[in-house]
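*Asks:* A structural model of the following input is requested.
(chains A and B)
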Protein chains: 2
Amino acid sequence: MSRIAFFGPVGTFSEQAALELATDQELVAVETIPAALTAVRKGDAEFACVPVENSVEGPVTATLDGLAEDSPLVAVAEALLPVHFSVLTRPDVKKVRTVASHPHALAQVRHWLERNLPEARPVVASSTAAAAVAVRDGEYDAAVTAPVAARTYPLRVLAEGVADVPDARTRFLLLTPPGPLPEPTGADRTSIVASTKNRTGALLELLAELASRGINLTRLDARPIKGNFGLYRFFLDFEGHVAEARIGDALAALKRRCEVRFLGSHPRADGVRATVGADASDADFAAAARWVETVRSGESA
Amino acid sequence: MSRIAFFGPVGTFSEQAALELATDQELVAVETIPAALTAVRKGDAEFACVPVENSVEGPVTATLDGLAEDSPLVAVAEALLPVHFSVLTRPDVKKVRTVASHPHALAQVRHWLERNLPEARPVVASSTAAAAVAVRDGEYDAAVTAPVAARTYPLRVLAEGVADVPDARTRFLLLTPPGPLPEPTGADRTSIVASTKNRTGALLELLAELASRGINLTRLDARPIKGNFGLYRFFLDFEGHVAEARIGDALAALKRRCEVRFLGSHPRADGVRATVGADASDADFAAAARWVETVRSGESA
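*Replies:* Predicted coordinates:
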């Protein structure tokens, strides 16, 4: 049975995403995002499941930097999880005086806590799951956790669907070494990372290669290289699959211009179908290529 | 005396940045980044000092979102702080068995801890300063803190300049309501936030307005609006001052095309002078405008 290394411990949102993405793989919790990527690179696991962006917190920089460096990994699937927390307590707790969680989780339920548990003191823990463990062990009264934690720890669900920003979501990727790609579905996402010389218009030229082929950008993150604010890498997500003519053509153009690494083509979790620019379908590309052939052979002009 | 509200508590990197940016203002610690911005909007403070980007962690989303919404604030100065931590202990500690800090700080000194304090167990705290307080109170043996914490708390400096990534830096902004701008220095940064319709090429068109006027982009962050991955705002930093012709001309062009808010023009902390594209100096713009006037008046063609 193949394995998925996920950013653990068990009982976190990453485990929940891994459960959603798994077919028949064994799930293995690892301590950090780099450790999940390393597990796949070393062959200790076939897949890694890690977060890539959160609509409130922004890009997950450890994942982005980890994909740009070392041996290539590609995304073959994604999961989009609503950031809805559960509040868990021990069955014997009468009054909640302390509520533990990871600082990011506490920040995302702050208003809820003020309204619903105004007398509970927030306490920081190293993860939402560590908070659940501390509550189980009697250290604190309640924990703010991922919903999946309720199946792992013998705790009572005090509240579910807790979130100050109701539509906050985190996107997770299932990563593996390069190999056969998922089939195109018409609702796909392609990701790359490109490094360009730092000069006026460098990013503009990259985006022009996409826009001129009718490709719709869905995300752009600029990350400094090696912690240097002067030198940037661009992480680009766009609609479409590399098997499609306009995407392959754009990637070839980018490869001529700059260092570029393919990070995968896979179905979108939200099922949104790609917008294909006018005159940028596979048939349009094929017809145009045929015409050039006829010009080259002297059959047409 | 005017006041600077900084993202506290005292003894953090934000206090250190505020000290660097203060002239004769009183520093006031507030609990969160939104609270620092609110203090200025309500008139409780004249300035707010908050982090805007970290070369390892990425953009500070609370600051970006806070600048895009509510009444306008502009940056009038910036500070660039190396992310070098100090490790503090109580004078009576013989052997360090626990070391506390904010999870981000612990992540950034992980390798150092493994090499230098391999037997110390990491413990999470709500801030680097809260870790120092816990060490002072005998709860833990050591704290990983901002260097400035050593002046606030009666602790012994066990190590200084601690960082796994030696050139990691955080940039802080000094924000205030719109008013007289800092003088141009030739080494300035201008920041804006722009919202465009989500369609192919929208970002490309924004960047083209900058590149065609010889303006060098220094940072770009795309942030989903209201936690919605489908709708983005673009935070753009570029070289130059709005008092310069090419910057003013570009901002006017952007204002025609999309919603745009000015976030300030101020000297760069690193003193790097602006690259001005060929034919994009103030004199070039003035000469071209004069020529159009002569054409309009029929004096020339």
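*Asks:* who are the packing partners of the helix ranked longest in chain A?
*Replies:* Assignment by DSSP state H gives helix A:282-297 as the longest helix of chain A. With contacts taken as 3 or more Cβ pairs under 8 Å, 6 or more residues apart in numbering or on different chains; DSSP states H and E, helix A:282-297 sits against helix A:245-257. Any C-beta I mention is one placed from the backbone N, CA and C, and that applies to glycine too.
*Asks:* the helix it packs on near chain B anywhere?
*Replies:* No: Helix A:245-257 is not in contact with chain B by Cβ under 8 Å from any Cβ of the partner chain; minimum separation 11.0 Å.
*Asks:* check stretch A:170-188 too.
*Replies:* Yes: Stretch A:170-188 lies within reach of chain B by Cβ under 8 Å from any Cβ, at residue A:171.
*Asks:* may I see the buried residues of that stretch?
*Replies:* Of the residues in stretch A:170-188, A:170, A:171, A:172, A:173, A:174, A:175, A:176, A:181, A:182, A:184, A:187, A:188 count as buried by neighbour count, 16 or more other Cβ atoms under 10 Å in any protein chain shown.
*Asks:* now, among those residues, which is nearest to chain B?
*Replies:* Each of the buried residues of stretch A:170-188 was checked against chain B using Cβ to the nearest Cβ; the closest is residue A:171, at 7.4 Å.
*Asks:* quick one: contacts for the closest one?
*Replies:* Residue A:171 makes contacts with A:51, A:52, A:53, A:54, A:78, A:79, A:80, A:81, A:269, B:229, as judged by Cβ atoms under 8 Å, 6 or more residues apart in numbering or on different chains.
*Asks:* at 7 Å what do you get?
*Replies:* With contacts defined as Cβ atoms under 7 Å, 6 or more residues apart in numbering or on different chains, residue A:171 is in contact with A:52, A:53, A:78, A:80.
*Asks:* who in chain A is up against chain B?
*Replies:* Residues of chain A lying close to chain B by Cβ under 7 Å from any Cβ of the partner chain are A:55-59, A:61, A:103, A:124-126, A:165, A:167-169, A:200-201, A:203-204, A:207-208, A:211, A:214-217, A:219-224, A:227-229, A:275, A:277.
*Asks:* tell me which stretches of chain A form helices.
*Replies:* Using DSSP H, helices in chain A cover A:13-21, A:33-41, A:61-68, A:103-108, A:110-116, A:128-136, A:149-152, A:202-211, A:245-257, A:282-297.
*Asks:* is it possible to get a markdown table of those that adds mean pLDDT and mean neighbour count?
*Replies:* Formatted as a markdown table, the helices of chain A follow (pLDDT from 0 to 100; neighbours: other Cβ atoms under 10 Å in any protein chain shown):
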| stretch | mean pLDDT | mean neighbour count |
| --- | --- | --- |
| helix A:13-21 | 94 | 24 |
| helix A:33-41 | 96 | 21 |
| helix A:61-68 | 94 | 21 |
| helix A:103-108 | 85 | 20 |
| helix A:110-116 | 92 | 14 |
| helix A:128-136 | 93 | 24 |
| helix A:149-152 | 92 | 19 |
| helix A:202-211 | 90 | 22 |
| helix A:245-257 | 92 | 18 |
| helix A:282-297 | 91 | 12 |
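*Asks:* if we can go back for a sec, narrow the residues of chain A next to chain B to just the buried residues.
*Replies:* Among the residues of chain A next to chain B, the ones that count as buried by 16+ other Cβ under 10 Å are A:55-59, A:61, A:103, A:124-126, A:168-169, A:200-201, A:203-204, A:207-208, A:211, A:214-217, A:219-224, A:227, A:229, A:277.
*Asks:* need the contact list for residue A:253.
*Replies:* Listed by Cβ under 7 Å, 6+ apart, the contact set of residue A:253 reads residue A:209.
*Asks:* go on, residue A:89?
*Replies:* Residue A:89 neighbours (Cβ under 7 Å, 6+ apart): A:96, A:135, A:141, A:142, A:155, A:156, A:158.
*Asks:* and the nearest residue to the second one once chain neighbours are set aside, how many neighbours does it have?
*Replies:* With Cβ to Cβ, 6 or more residues apart in numbering or on different chains as the measure, residue A:143 is the residue that lies nearest to residue A:135, at 4.4 Å, once sequence neighbours are left out. Applying other Cβ atoms under 10 Å in any protein chain shown, we find 34 residues neighbouring residue A:143.
*Asks:* report the beta-bridge partners for residue A:143.
*Replies:* When bridges are called by DSSP bridges, residue A:143 pairs up with residue A:88, residue A:100.
*Asks:* wait, what's in contact with residue A:173?
*Replies:* By Cβ under 7 Å, 6+ apart, the contact set of residue A:173 is A:50, A:52, A:75, A:78.
*Asks:* which one of the residues you listed sits closest to residue B:291?
*Replies:* Set against residue B:291, the nearest of the contacts of residue A:173 by Cβ to Cβ is residue A:52 (50.6 Å).
*Asks:* quick one, what contacts the most centrally placed residue in chain A?
*Replies:* Closest to where the C-alpha atoms of chain A average out (Cα atoms, centre = their mean) is residue A:52, at 2.8 Å. By Cβ under 7 Å, 6+ apart, the residues touching residue A:52 are A:60, A:63, A:171, A:172, A:173.
*Asks:* gap between stretch A:212-219 and the chain center?
*Replies:* Centroid separation for stretch A:212-219 versus its chain: 19 Å, with Cα atoms, centre = their mean, to the nearest Å.
*Asks:* actually stretch A:150-160, not the one I typed
*Replies:* 26 Å.
*Asks:* check stretch A:28-44 too.
*Replies:* Per Cα atoms, centre = their mean, the centroid offset for stretch A:28-44 relative to its chain is 16 Å.
*Asks:* swap in stretch A:15-27?
*Replies:* Its chain's C-alpha centre and that of stretch A:15-27 lie 15 Å apart, by Cα atoms, centre = their mean.
*Asks:* repeat that for stretch A:172-191.
*Replies:* That offset, for stretch A:172-191, works out to 12 Å (Cα atoms, centre = their mean).
*Asks:* average pLDDT for that stretch, rounded please.
*Replies:* For stretch A:172-191, mean pLDDT is 96.
*Asks:* quick check: end-to-end length of that stretch?
*Replies:* Counting by Cα to Cα, to the nearest Å, you get 13 Å between the two ends of stretch A:172-191.
*Asks:* kindly report the same for stretch A:148-156.
*Replies:* One end of stretch A:148-156 to the other measures 13 Å (Cα to Cα).
*Asks:* what's the longest strand in chain A?
*Replies:* strand A:228-239 (DSSP state E).
*Asks:* leaving out sequence neighbours, find the closest residue to residue A:189.
*Replies:* Using Cβ to Cβ, 6+ apart and skipping the chain neighbours, the partner closest in space to residue A:189 is residue A:268 (5.0 Å).
*Asks:* residues near the one you found, how many?
*Replies:* Here the number of neighbours of residue A:268 (other Cβ under 10 Å) works out to 19.
*Asks:* same deal with residue A:43?
*Replies:* Neighbours of residue A:43 under the rule other Cβ under 10 Å: 8.
*Asks:* ok, now how distant is it from chain B?
*Replies:* Per Cβ to the nearest Cβ, to the nearest Å, residue A:43 is found 24 Å from chain B.
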